[in-house]
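Student: Structure of the sequence below:
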Amino acid sequence: MPHYERYDSVQIKKSKAKKARAKSRKEDVEESFIKFIINKTSKATGIVIETRYNESIILYNGKLITARLKKGINLICNKTIFPGDIVVIGEECKGEYYINNLIKRKNMLSRTKKDSTRNNLNAGSRHNIAANIDIAIIVVSAKMPPLHPKFIDRYLMILQNNDIECAICLNKSDLKTKEDEKILDIYRKIKIPVIETIAIDRKGINELKNVLRGKQAIFLGHSGVGKSSLINALMDNNEIKTTHVSKKSRKGRHTTTSSKYYTWDKNSSIIDTPRIRSLDISNLKINEIQEYFPEFKNLEMSCRYSNCMHYKEPVEMCMVKQAVKAGIISIERYESYIRILKDVINEKNIINNFTRIIYSFSISNNR
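Tutor: Purely as a prediction, here's the structure:
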């Protein structure tokens, strides 16, 4: 048995090395494919609406066309270009269109593929979702599924890291509780816009339109929160397939299988995404995480240690911990910070230590 275990290990290493070489070659080809063009309004450019294995659907000169990557580019289409990308279309040849170049993106939103399967070489790999985003709407619901602040916090951090404007949309707002209102107030205090809607009654839709008009937006959120219903309301139709929430799991059944692009007004579009289990935080540095929690600002300057991480340090040495203990910073936001820190550090014991900290803070706040 030891012989076979050693053999499997060698094979895995060889496979990883082979994939690394292939990835390097692919990145070289992709780099030559990306071309920056100053005149983005050129008639030769189109916006990618949807991507498939070897072709894309593109909004080009006011109509939808199907185009393949130009000859000589040995890349898979749906792993190279994504909804929201601006591409250069070649001249029609024998009734076919070709994508000659990809205009340099201003941003890209990615997710991380997680898989617990043993020896899975794709676990943790990065998958791009959408490009050139002007604003991201984090869609949540009051009930079915319930409001989860940890989900919002992680999205906010990734969006801010990519310099993407963001807002929160609470759908099914007629079902919100006092606890939900307290959670939303946390984000209002840190200057994150909150829009409350009831998609089926079209309440709050005009306010949402005012935020989205003239922008390329992306809708992010778990299944069942009402993303498709909101898009239907914005587009004044019911063509987009919607979903319902399972009574057993209280989670939505997933209906969007790939990112889709919708135009609802002049220069106004929405990219609807499939459920994202884990956003990509691989490019974040440990000492940068606290920068995305604005309520920490100014307090951290008073911490006893100049490099305080607000985690292992004693409470009396950390002003952020003291603020959490006093109820100035919400326990929920601090919990999100610690969990994100844990993912970046990849330290299992951080959660055990965090649990003890939160327990002590909760006791103090209840006295």
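
Student: Every contact and neighbour count from this point should use C-alpha atoms.
Tutor: Fine.

Student: Let me see the ranges of the helices in this structure.
Tutor: Applying DSSP state H to the chain gives helices spanning 2-33, 149-161, 178-189, 205-212, 227-235, 319-325, 331-345, 349-366.

Student: And for the second one, what's in contact with it?
Tutor: The set of residues that contact helix 149-161 without belonging to it, under CA atoms under 8 Å, 6 or more residues apart in numbering, is 109, 136, 138, 165-166, 183, 279-281, 289, 292, 332-333, 335-336, 340.

Student: Can you point out the buried residues in it?
Tutor: Of all the residues in helix 149-161, those buried under the rule 16 or more other CA atoms under 10 Å are 149-159, 161.

Student: Now do stretch 90-97, average pLDDT.
Tutor: If you average the pLDDT over stretch 90-97, you get 78.

Student: And that stretch, what's buried?
Tutor: Across stretch 90-97, burial judged by 16+ other CA under 10 Å covers 90, 97.

Student: Now do that stretch: everything it contacts.
Tutor: For stretch 90-97, the external contacting residues (CA under 8 Å, 6+ apart) are 44, 65-68, 89, 98-100.

Student: on that earlier part again, most neighbours of all the contacts of helix 149-161, which one?
Tutor: The most crowded member of those, judged by other CA atoms under 10 Å, is Ala136 (23 neighbours).

Student: Thought Ile218 was touching that one, still the case?
Tutor: Yes - counting by CA atoms under 8 Å, Ala136 does reach Ile218; the two are 4.8 Å apart.

Student: Report the residue spans of the stretch 1-150 of the chain with pLDDT below the cut-off.
Tutor: Low-confidence regions of the stretch 1-150 of the chain, defined by pLDDT under 70, span residues 1-14, 16, 18-43, 93, 112-126.

Student: which stretches of it form strands?
Tutor: Under the criterion DSSP state E, counting those that start in this stretch, strands of the stretch 1-150 of the chain are mapped to 45-51, 56-60, 63-69, 86-89, 97-102, 108-112, 126-131, 135-141.

Student: Redo the ones you listed as a markdown table? Include distance to Ala233.
Tutor: What follows is those, written out as a markdown table (distance: least, CA to CA, whole Å):
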| stretch | distance to Ala233 |
| --- | --- |
| strand 45-51 | 20 |
| strand 56-60 | 22 |
| strand 63-69 | 23 |
| strand 86-89 | 27 |
| strand 97-102 | 32 |
| strand 108-112 | 25 |
| strand 126-131 | 22 |
| strand 135-141 | 14 |
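
Student: between those strands, which one is nearest to Val225?
Tutor: For Val225, the closest of these is strand 135-141, at 5.1 Å, according to CA to CA.

Student: State the distance from Gln290 to Asp265.
Tutor: Noted for Gln290: a distance of 38 Å to Asp265, by CA to CA, to the nearest Å.

Student: So which of these two has more stuff around it?
Tutor: A direct count of neighbours by other CA under 10 Å for Gln290 and Asp265 places Gln290 higher, at 20 against 14.

Student: Which residues lie in contact with that one in this structure?
Tutor: Residues in contact with Gln290 (CA under 8 Å, 6+ apart) are 296, 309, 337.

Student: which of the residues you listed are buried?
Tutor: Buried residues within those, counting neighbours by 16+ other CA under 10 Å: 296, 309, 337.

Student: Identify the bridge partners of the nearest residue in space to Glu196 that is not next to it in sequence.
Tutor: Nearest residue to Glu196 in three dimensions, chain neighbours excluded: Leu170, at 4.8 Å (CA to CA, 6 or more residues apart in numbering). Counting by DSSP bridges, Leu170 is bridged to Val140, Glu196.

Student: quick revisit: of all the contacts of Gln290, which comes closest to Arg202?
Tutor: Nearest to Arg202 among those, with distances taken as CA to CA, is Tyr337, at 34.8 Å.

Student: Tell me the spacing between that closest one and Val139.
Tutor: Separation of Tyr337 from Val139 (CA to CA): 21 Å.

Student: and what of Glu91?
Tutor: For Glu91 relative to Val139 (CA to CA), the value is 40 Å.

Student: check contacts around the residue nearest to Glu196.
Tutor: Counting by CA under 8 Å, 6+ apart, Leu170 makes contact with 139-142, 194-197.

Student: Top of the residues you listed by number of neighbours, please.
Tutor: Neighbour tally across the contacts of Leu170 (other CA under 10 Å): the maximum, 29 neighbours, falls on Val140.

Student: who's in contact with stretch 294-307?
Tutor: Stretch 294-307 is contacted from outside by 190, 290-291, 308, 317-320, 329, using CA under 8 Å, 6+ apart.

Student: Who wins on neighbours among those?
Tutor: Neighbour counts for the contacts of stretch 294-307 (other CA under 10 Å) peak at Val320, which has 27 neighbours.

Student: any idea how far it lies from Val344?
Tutor: As for Val320, its distance to Val344 is 20 Å (criterion: CA to CA).

Student: Equivalent analysis for Ile103, please.
Tutor: Taking CA to CA as the measure, Ile103 and Val344 are separated by 32 Å.

Student: do the same with Val140
Tutor: Distance from Val140 to Val344, by CA to CA: 25 Å.

Student: What average pLDDT does stretch 173-181 get?
Tutor: Mean pLDDT, stretch 173-181: 92.

Student: Just the endpoints, please. Distance across that stretch?
Tutor: In stretch 173-181, first residue to last residue: 10 Å (CA to CA).

Student: What residues sit buried inside it?
Tutor: Across stretch 173-181, burial judged by 16+ other CA under 10 Å covers 173, 176, 180.
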